[in-house]
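Visitor: Model the structure of this input:
(2 chains)
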Amino acid sequence: MMEKTFDPASVEARISSVWEQAQAFRAGRADRARADTFSIVIPPPNVTGSLHMGHALNNTLQDILCRFERMRGKDVLWQPGTDHAGIATQMVVERQLAERQEPGRRDMGREKFLEKVWAWKAESGGTIVNQLKRLGASCDWSRERFTMDEGLSRAVLKVFVDLHAQGLIYKDKRLVNWDPKLLTAISDLEVQQVETKGHLWHFNYPLEGKTYDPEDASTFITVATTRPETMLGDTAVAVHPENEKLGYLIGKKVLLPLVGRLIPIVGDTYADPEKGTGAVKITPAHDFNDFEVGKRHALPMINILDAEGRLLLENNEAFLAGVKSSDDLAIVMALHGVDRAPARKAIIAMMEERGLCPLIEPHLNQVPHGDRSGVVIEPWLTDQWYVDAHTLAQPALKAVREGKTSFIPKNWEKTYFEWLENIQPWCISRQLWWGHQIPAWYAPEGEVFVALTEVEAHAKAEKHFGHQVELKRDEDVLDTWFSSALWPFSTLGWPDDAPEVKRYYPTSVLVTGFDIIFFWVARMMMMGIHFMDEIPFKHVYIHALVRDEKGAKMSKSKGNVIDPLDLIDTYGADALRFTLSAMAAQGRDIKLATSRVEGYRNFATKLWNASRFAEMNGCARTVDFAPEKLTIDVNRWILGEAQKAVAEVSGAIEAYRFNDAANGAYRFVWNIFCDWYVELTKPILQGEDGPAKDETRATTAHVLDLIIKLLHPFMPFLTEELWAIKGAEGPARNSILALAVWPVLHGLEHEGAEAEIGWMVDLISEIRSVRSEMNVPAGAQMPLVLVGVSTDVQARAGRALDTLKRLARVSELSFAEVPPANSAQMIVRGALVALPLDGIIDISAEKTRLQKEIGKFEGEVKKIDAKLGNADFVARAPDEVVEENRERRGDAVSRIEKMKAALDRLS
RNA sequence: GGGCGCGUAGCUCAGCGGCAGAGCACUACCUUGACAUGGUAGGGGUCACAGGUUCAAUCCCUGUCGCGCCCA
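Guide: Model (predicted):
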């Protein structure tokens, strides 16, 4: 005997091991060698991370697809693995060292530090994988990969070396986004622009050859800046060439205050005459726009900051070039080694003291911050490695334009195009230790040799120089996303000649969030097409973000994070999964309320109890069940409904409409199977033994089996458990549910059965409604009179009597030509139905009720008449719409007539 | 500034040319032999606003207001 409720906690672990023992999720099962493949690569979570709600949604959706296709007989590969997450992981380990007051990474050195990181990976790396398993993810865990595995690392090296040989990776000195806390370059994407309240400082730069007089505008030019401290590195002032007021100054020179450097005023369209003062100071080494201006005018680039964002002035040849010593300069030089923030204050103070700062305005500006470190990013001039993303982007754009890869929902393609069309060189070197070290070696004079191994690099160097030289490897590692970009093929065994590459690439679909379209999706497209000559995936399904109940992004600092593991503990993995899929409508974020999870937990309980009911009533599966040979209408009817539900769910999953799929299954199980079929069949199941009972038992068991299959992609644990329980009776199962065959139903819709059962459902609903409105006590039984019905309907009513007694509390059934006096009356499918309420009925209440009903239908008739009275409508609307309106009108009119007659009889 | 999206029941959301829907919440009744994590019935809507297209607009178009997000 089954328990009264389903207990996820005790079942989930057991079911997981059932799947594991059956090796149910292994790709390339021998019995599916000839089957079509279906493959997905998991978006690899950070190896040391833990499961958050975004992962839960992402992996639930992937799992639904994989389980669905697996049941449809495909050879499914869901490729799992984790990402080494360079910066994030290195930061975690550094923080741990600090907390334990151990030596920092620089003190312990690269080798020892990396040992610590590997140790941390070994310790915590299993967490996320175990959490994914708890969610029920049906990955082929035997194929788990890690971006720093030996094989994947070889793929990274090969890609780097090949792209370098093709001129698509190169080293360049240009401005990068420099993180002064983490001491590394980062890519554009890792920079967050934060709107900050700041100021716009107006500085007067005296013109060469004039004596500065703040009252005389002809002696200076005023520039406006949000970054006053960078003035020390100014090498020009720019004015728009067509600037009417200031244009005449182009070609003249100014004396940079405090420093005494003579710098030109250049004409450049970058200086917007409308903004600030119309003149802008140019610091090519510390601003991306200024860098471009500097290149256009061949200006010197003077770097005045060190790696940690402190002023770098002493021994700074570029800074001191052409500058005479002065009192001011001496004061400035004393700022050497001072951090940029206090340095800013000092510079402003000096400018003010000298009467060179006439105005300070409040100003809102976008300040770049490192997304990991949170500190202000400095544009900084360094040597870094770059990928020629522009070249690689072209085929990636083309593939989506031509529809080889398509996004779902489609509007994300626009985002993808937008970014790839404007793509900048991708800075891939990071001044970190945790990651793939760049395979480049330097000779003492700086010549660089890129090779797969040190031995090869030496060979190349020897060929170049004609003799052996000492080589030193580049210290930097690659951006984590560099290895992620190879994920769809590196995990399959590339660059080795692995059969999996041929079989599973390109993958069927990629499921991910929109936040990493740039970081990841676009780069996989570029690398996949370049190295495999073939797109990495046919579809990209972009799902929403999971937010909290009020729509805020979940974050630790806000304290509004819902931990999916907590929900799994409380409500079960199935309830969480079902909630996420039911809410995963395309194009909208998910605002997650735990009340929804609770509701779907109740749904699990409902299904459990329906199964329990079946068990109690001996509903066992039979060997020779033939749905097309059923003889009882209610059984024919439920199979017709099941067929519709199966088609709906299958179609919705195929179209990535997960919410429609989940809701379709939900409605069928609760509102059709439980609410009606189980109730309608109770009289049969609890009646005498015989063929009717046998057929109904077998049908119940069969439909439950269909339901369990239909729900398996959404609720794998509960359904697998029920599959086992239901398998204990009747014929033995051929397989576990995860490998069972997805239902495909044909030709089971039965018109006669639908008429019979539909009528019964309408009749019962109508009787219940009237009883309730008439305040008939729930337990009271009352007779039912069908007025003026055909012998067919009389026979139908006779067949329904047991059910009517049970579900509508009917005591007896009779037929009449005229309704009895003092009855409540209703119209069911065109026929008048009366409930004699003598003694119970409140005549005035019944009159009110009838009048309300009449009013409702009169309103409808009025609306339809307005339409039908419109000649244009009749002439131009499709015939079936006109016809439908006529029918509805006829229906309504006949109801009104019957109800009016009923009203007359009530006096 | 450019782009994308959203305003539908008290709340969370579907629907997207032809009777306005679900879940939760609410109200009333029901400890009915699967399930109170349940059952039955019910109340609740100018589909943000203003124009336009159409025989017909919650749905398509334009604008306004409000709210998000992404990119400069």
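Visitor: Could you use CA atoms for every contact and neighbour count after this?
Guide: Fine.
Visitor: quick one: pLDDT of A:Leu722?
Guide: pLDDT, A:Leu722: 95.
Visitor: Surely it forms part of a helix?
Guide: Yes - per DSSP: H, G, I helix; E, B strand; the rest coil, A:Leu722 lies within a helix segment.
Visitor: Could you tell me how many residues sit around it?
Guide: Around A:Leu722 there are 21 other residues, counting by other Cα atoms under 10 Å.
Visitor: so who does the closest residue to RNA strand B within the stretch 651-800 of chain A touch?
Guide: Proximity of the stretch 651-800 of chain A to RNA strand B (Cα to the nearest atom of the strand) peaks at A:Ser769, 3.9 Å away. Taking Cα atoms under 8 Å, 6 or more residues apart in numbering, we find A:Ser769 in contact with no residue.
Visitor: In what element of secondary structure is it found?
Guide: helix A:751-773 (DSSP states H and E).
Visitor: For the helix or strand just after that helix, which strands pair with it and how are they oriented?
Guide: Once helix A:751-773 ends, the next helix or strand along the chain (criterion: DSSP H and E) is strand A:782-787. Applying DSSP bridges to the sheet, strand A:782-787 is found paired with strand A:810-816 (parallel), strand A:831-836 (antiparallel).
Visitor: Buried ones in the first one, by neighbour count?
Guide: Put plainly, it is strand A:810-816. For strand A:810-816, burial by neighbour count (16 or more other Cα atoms under 10 Å) applies to A:810, A:813, A:815.
Visitor: want to throw those into TSV with pLDDT?
Guide: Listed next are those as TSV, based on pLDDT from 0 to 100:
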residue	pLDDT
A:Val810	91
A:Leu813	92
A:Phe815	93
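Visitor: Closest to RNA strand B out of these?
Guide: Nearest member of those to RNA strand B, counting by Cα to the nearest atom of the strand, is A:Val810, at 12.7 Å.
Visitor: Which residue or residues pair with the closest one through a beta bridge?
Guide: A:Met782.
Visitor: Please report the distance of the residue of the stretch 651-800 of chain A closest to RNA strand B from A:Ala661.
Guide: A:Ser769 sits 31 Å away from A:Ala661, going by Cα to Cα, to the nearest Å.
Visitor: What of A:Phe857?
Guide: On the measure of Cα to Cα, A:Phe857 and A:Ala661 end up 35 Å apart.
Visitor: These two: who's more crowded?
Guide: Taking neighbours as other Cα under 10 Å, A:Phe857 and A:Ala661 compare with A:Ala661 leading, 26 against 19.
Visitor: Which stretches in the stretch 1-150 of chain A count as helices?
Guide: A:8-22, A:53-71, A:86-99, A:105-108, A:110-135, A:150-165 (DSSP state H, counting those that start in this stretch).
Visitor: Please identify the most buried of those helices.
Guide: helix A:53-71 (a mean of 24; mean count of other Cα atoms under 10 Å).
Visitor: So what angle separates the directions of that one and helix A:110-135?
Guide: On the basis of axes from the mean of the first three to the mean of the last three Cα atoms, to 10 degrees, helix A:53-71 is oriented at 60 degrees to helix A:110-135.
Visitor: which strands and helices sit next to helix A:53-71?
Guide: Under the contact criterion of 3 or more Cα pairs under 8 Å, 6 or more residues apart in numbering; DSSP states H and E, helix A:53-71 touches strand A:37-41, strand A:75-79, helix A:110-135, strand A:507-513, strand A:546-547, helix A:573-582.
Visitor: Please tabulate these in TSV, including the columns distance to RNA strand B.
Guide: Shown next, in TSV, are these (distance: least, Cα to the nearest atom of the strand, whole Å):
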stretch	distance to RNA strand B
strand A:37-41	24
strand A:75-79	27
helix A:110-135	19
strand A:507-513	11
strand A:546-547	8
helix A:573-582	8
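Visitor: Same list (these) but as JSON lines, adding mean pLDDT.
Guide: As requested, the helices and strands packed on helix A:53-71 are exported to JSON lines (pLDDT from 0 to 100):
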{"stretch": "strand A:37-41", "mean pLDDT": "96"}
{"stretch": "strand A:75-79", "mean pLDDT": "96"}
{"stretch": "helix A:110-135", "mean pLDDT": "89"}
{"stretch": "strand A:507-513", "mean pLDDT": "92"}
{"stretch": "strand A:546-547", "mean pLDDT": "73"}
{"stretch": "helix A:573-582", "mean pLDDT": "91"}
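Visitor: Could you export the ones you listed as a markdown table, including distance to A:Ile408?
Guide: Shown next, in a markdown table, are those (distance: least, Cα to Cα, whole Å):
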| stretch | distance to A:Ile408 |
| --- | --- |
| strand A:37-41 | 15 |
| strand A:75-79 | 20 |
| helix A:110-135 | 24 |
| strand A:507-513 | 10 |
| strand A:546-547 | 18 |
| helix A:573-582 | 16 |
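Visitor: Kindly provide the distance from A:Val332 to RNA strand B.
Guide: Going from A:Val332 to RNA strand B by Cα to the nearest atom of the strand, to the nearest Å gives 32 Å.
Visitor: Identify the residues contacting that residue.
Guide: Counted by Cα under 8 Å, 6+ apart, A:Val332 has contacts A:258-259.
Visitor: looking at this, it is in a helix?
Guide: Yes - assessed by three-state DSSP, A:Val332 belongs to a helix.
Visitor: State the pLDDT value of it.
Guide: Value listed for A:Val332 in the pLDDT field: 76.
Visitor: for the one 10 residues further on, same thing?
Guide: Model confidence at A:Pro342, given as pLDDT, is 86.
Visitor: Following the chain past the helix or strand bottoming out on mean pLDDT in chain A, name the next helix or strand.
Guide: Across the helices and strands of chain A, mean pLDDT, DSSP states H and E gives its lowest value to strand A:546-547, namely a mean of 73. Sequence-wise, the next helix or strand downstream of strand A:546-547 (DSSP H and E) is helix A:564-571.
Visitor: Pull up the gap between A:Leu168 and RNA strand B, please.
Guide: Taking Cα to the nearest atom of the strand, one finds A:Leu168 at 22 Å from RNA strand B.
Visitor: Check the burial of the closest residue to that residue other than its chain neighbours by counting its neighbours.
Guide: Nearest non-adjacent residue to A:Leu168, counting by Cα to Cα, 6 or more residues apart in numbering: A:Asp388, 5.0 Å away. A:Asp388 has 19 neighbours, counted by other Cα under 10 Å.
Visitor: I figured A:Asp388 hits A:Trp426, correct?
Guide: Yes - using Cα atoms under 8 Å, A:Asp388 makes contact with A:Trp426 at a distance of 6.8 Å.
Visitor: Get me the contact residues on the stretch 251-400 of chain A for RNA strand B.
Guide: Contacts of the stretch 251-400 of chain A with RNA strand B, taken as Cα under 7 Å from any atom of the strand, map to A:Gln366.
Visitor: Where does pLDDT dip in the stretch 251-400 of chain A?
Guide: Along the stretch 251-400 of chain A, segments meeting pLDDT under 70 are nowhere present.
Visitor: repeat for the stretch 451-600 of chain A
Guide: A:547-560, A:587-588.
Visitor: For it, which residue gets nearest to RNA strand B?
Guide: Taking Cα to the nearest atom of the strand, the stretch 451-600 of chain A has A:Lys591 as its residue nearest RNA strand B, at 3.9 Å.
Visitor: Surely that residue is in contact with A:Val546?
Guide: Yes - at 6.2 Å, A:Lys591 and A:Val546 qualify as touching, with contact defined as Cα under 8 Å.
Visitor: Just want to know which of these two has more residues nearby.
Guide: Looking at A:Lys591 and A:Val546 with other Cα under 10 Å, you find the greater number of neighbours at A:Val546, namely 27 against 18.
Visitor: State the distance from the more buried one to A:Lys210.
Guide: In terms of Cα to Cα, A:Val546 sits 63 Å off from A:Lys210.
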